[in-house]
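Chemist: predicted model and sequence follow; I will ask about them next.
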Amino acid sequence: MLDRCWSEKKRLARGISNPQIDHWYEVARRHGALGGKVTGAGGGGFLLLICPPECQAVLTEALEREGLYRMDFHLEDAGAKVLRNSSSWARMEAAVA
């Protein structure tokens, strides 16, 4: 369902994705992701993916080869909190801009 929603959102909301994000998403799908979406302020910042536990290591390695890095998360009642800031974040933002 998440994959279908992402496809529809891209179709209905121009500018929500770009060729680089589409490439990363396809790499993720080929390596076990069932679906995903771009999240964050204004629809950008994080590529959120859902993936069975047995595929997570392979998926993580594939996306790390693309220059991305994994940020684990958990659900929080108080809202989103960024706990780590890294220079690789700037590289990712530059790639999607």
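Modeler: Thanks, I have it.
Chemist: pLDDT below threshold where in the protein?
Modeler: The model of the chain has pLDDT under 70 over residues 41-44, 80-97.
Chemist: tell me, what residue is most central in it?
Modeler: Leu47 (1.3 Å; C-alpha atoms, centre = their mean).
Chemist: do you know how far Glu76 is from Gln20?
Modeler: Distance, Glu76 to Gln20, using C-beta to C-beta, to the nearest Å: 29 Å. The way it works is simple: take the backbone N, C-alpha and C, and place the C-beta from them, glycine included.
Chemist: okay, these two: which has more neighbours?
Modeler: Gln20 (14 against 8; other C-beta atoms under 10 Å).
Chemist: what are the contacting residues of the host helix or strand of the more buried one?
Modeler: If you go by DSSP states H and E, Gln20 is part of helix 19-30. Outside helix 19-30, the residues within contact range by C-beta atoms under 8 Å, 6 or more residues apart in numbering are 3, 6, 17, 33, 36, 38, 47, 49, 51, 59, 62-63, 66, 68, 95-96.
Chemist: if you set the cut-off to 7 Å instead, what comes out?
Modeler: Residues from elsewhere that reach helix 19-30 (C-beta atoms under 7 Å, 6 or more residues apart in numbering): Gly36, Val38, Leu47, Leu49, Leu59, Ala62, Leu63, Glu66, Leu68, Ala95, Val96.
Chemist: still on that earlier bit, wait, a strand at the residue nearest to the centre of the chain?
Modeler: Yes. Counting by DSSP: H, G, I helix; E, B strand; the rest coil, Leu47 is found in a strand.
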